[in-house]
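Enquirer: could you work out the structure for the sequence below:
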Amino acid sequence: MAFPCHPILLCPSEISNSVNRSKDLPSLRTILEKDLTQAASSRDMKLKEFTPIITADESDDETYTFQCSSAGLYQCSVTGLVFLMKGEGDVVYRTVPWNRRLLAQHHKKPAGPLFDIKCQQQSVCQLHLPHCEVISTGGGQFLQVAHVDKLEDIEFITPDQITETHVVINITGFSGYGIVRDDNSPPDPIQALILLFYKPPVDPHPRSVLSVLLVPRNVVIRHVKRTRRELNGEEMYIDIPSRCSLFPNQVYTLSTAPDDDLIVVQPNEAEFHGEYFNSSVASFQVIFNRVITDVNLSLTHQSSSSCVWKSEVCLLPNRVRTLSLPPNEKLLNVRSSIIKGISGPVLSSLMDKLLEKKVITDAEREEADVIQNRSERARFEILDSGNCSIQYVLITALKVHV
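Expert: Have a look, this model is predicted:
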């Protein structure tokens, strides 16, 4: 990901040290020249992306660790945070809940996640927090960074710079950092994401559910996935082009193509709140009462009737696509695994089931029993049979889900 910011490498601690040595003019000149050289070179500094080490505690809350070996500009692939490092160090960080009551006392509200950040070596001198404002239309002028300590004391920091993607501040201390905006800031459009979570059908029932989430762009998607899993069980996250611009506190409608009586969108309309505390809650659900492989979705701004986002969505993974296949093709998909993995008792049980359902005769059962090799018996009896009745009974008995 390209990063357009030209960061400032003059860390506050270094500036302070320079001033304290003002009596020593040669030393001061040397330090300032060094700082100016670093600042100039930072304009061409290349952003390096890293994947943090992720650990979870007993409560399943996740902590991220970035082990930095040298000075530079580094972006976390999970959270979008960017650290300007003046040297090596271990940065440990996690998301924590906002105290919204505390913010309200200062007429502020969250405009992004709150990150608890620590670095024992104190080697982070600049922090870039991802925002979701549309800078080209004047967004971002009401943003500040809240610095919250362990005692819940709070200060509000005016950004040193706001880029198209991040709010930039110089830091000397650590603890909680997060972007906030004024309570009375105008409801300008923000950059948002459409996130899709899908519960596929379970054979033989065709019903499936697609949850559609409207969230600010700077949410931590990994956290949304984890929260959804805790609340709703296993779902399939569908990765699609998801970016759009949405107006907070305005109403949107979702439509599908195809559109028939077996596809239900609920509710008919939904307000985009742009909040962070409920970013795992679906704005819409699309209920499919038939097996469907692909659907076109479009999101429309109700008051202007303009389409703000649309995408073709592939719903069914390979294992679910076979629900609509005929029995012989379903068995073909698992042919080799049946031949290699079927046990003798299971094979005998299957033969009894076929005989019970009268899809094979006593003579055919005896013929299969003559074959000593288990794999050959499976191939003879099951896989090379062209009898659709046999194949249907076998699918039901094996509960094949592919």
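
Enquirer: so what's the nearest residue to residue 245 once chain neighbours are set aside up against?
Expert: Distances taken as Cβ to Cβ, 6 or more residues apart in numbering place residue 189 nearest to residue 245, at 4.5 Å, with adjacent residues excluded. Where you see a C-beta, it was placed from the backbone N, CA and C, and this is true even at glycine. Residue 189 is in contact with 134, 137, 139, 245, 246, 247, counting by Cβ atoms under 8 Å, 6 or more residues apart in numbering.

Enquirer: three-state assignment of the third one?
Expert: When the structure is reduced to helix, strand and coil (DSSP: H, G, I helix; E, B strand; the rest coil), residue 139 reads as coil.

Enquirer: how about it: what's its closest non-neighbour residue?
Expert: Using Cβ to Cβ, 6+ apart, the closest residue to residue 139 is residue 133 (3.4 Å).

Enquirer: quick revisit: can you give me phi and psi for the residue nearest to residue 245?
Expert: Dihedral pair for residue 189: phi -60, psi 150, per degrees, to the nearest 10.

Enquirer: re the thing from before, closest to residue 206 among the contacts of residue 189?
Expert: Nearest to residue 206 among the contacts of residue 189, counting by Cβ to Cβ, is residue 246 at 32.3 Å.

Enquirer: for the closest one, list each beta-bridge partner.
Expert: With DSSP bridges applied, residue 246 shows beta-bridge pairing to residue 190.

Enquirer: that one against residue 270, yeah?
Expert: No - counting by Cβ atoms under 8 Å, residue 246 stays clear of residue 270, with 10.9 Å between them.

Enquirer: can you pull the residues that touch both of the two?
Expert: Residues within reach of residue 246 and of residue 270 at once, by Cβ under 8 Å, 6+ apart, are 214, 252.

Enquirer: who has more neighbours, those two?
Expert: Neighbours around residue 246 and residue 270, counted as other Cβ atoms under 10 Å, are more numerous at residue 246. The numbers are 24 against 18.

Enquirer: separation between the more buried one and residue 274?
Expert: Remark: distance between residue 246 and residue 274 (Cβ to Cβ, to the nearest Å) = 7 Å.

Enquirer: what does residue 303 give?
Expert: As for residue 303, its distance to residue 274 is 16 Å (criterion: Cβ to Cβ).

Enquirer: for the two, indicate the residue with more neighbours.
Expert: Remark: of residue 303 and residue 274, residue 274 carries more neighbours, 22 against 10, as counted by other Cβ under 10 Å.

Enquirer: OK, contacts around the more buried one?
Expert: Counting by Cβ under 8 Å, 6+ apart, residue 274 touches 190, 192, 216, 246, 248, 249.

Enquirer: can you pull the residues that touch both of residue 246 and residue 274?
Expert: Contacts common to residue 246 and residue 274, judged by Cβ under 8 Å, 6+ apart, are 190, 192.

Enquirer: scan this structure for its longest strand.
Expert: For the chain, the longest strand by residue count, based on DSSP state E, is strand 108-119.

Enquirer: packing partners of that strand?
Expert: Strand 108-119 sits against strand 89-96, helix 100-105, strand 124-130, strand 143-148, strand 175-182, with contacts defined as 3 or more Cβ pairs under 8 Å, 6 or more residues apart in numbering; DSSP states H and E.

Enquirer: in TSV, list those along with distance to residue 162, mean pLDDT and mean neighbour count.
Expert: Below are these laid out as TSV (distance: least, Cβ to Cβ, whole Å; pLDDT from 0 to 100; neighbours: other Cβ atoms under 10 Å):
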stretch	distance to residue 162	mean pLDDT	mean neighbour count
strand 89-96	21	95	20
helix 100-105	20	92	13
strand 124-130	10	96	24
strand 143-148	7	94	21
strand 175-182	10	94	21
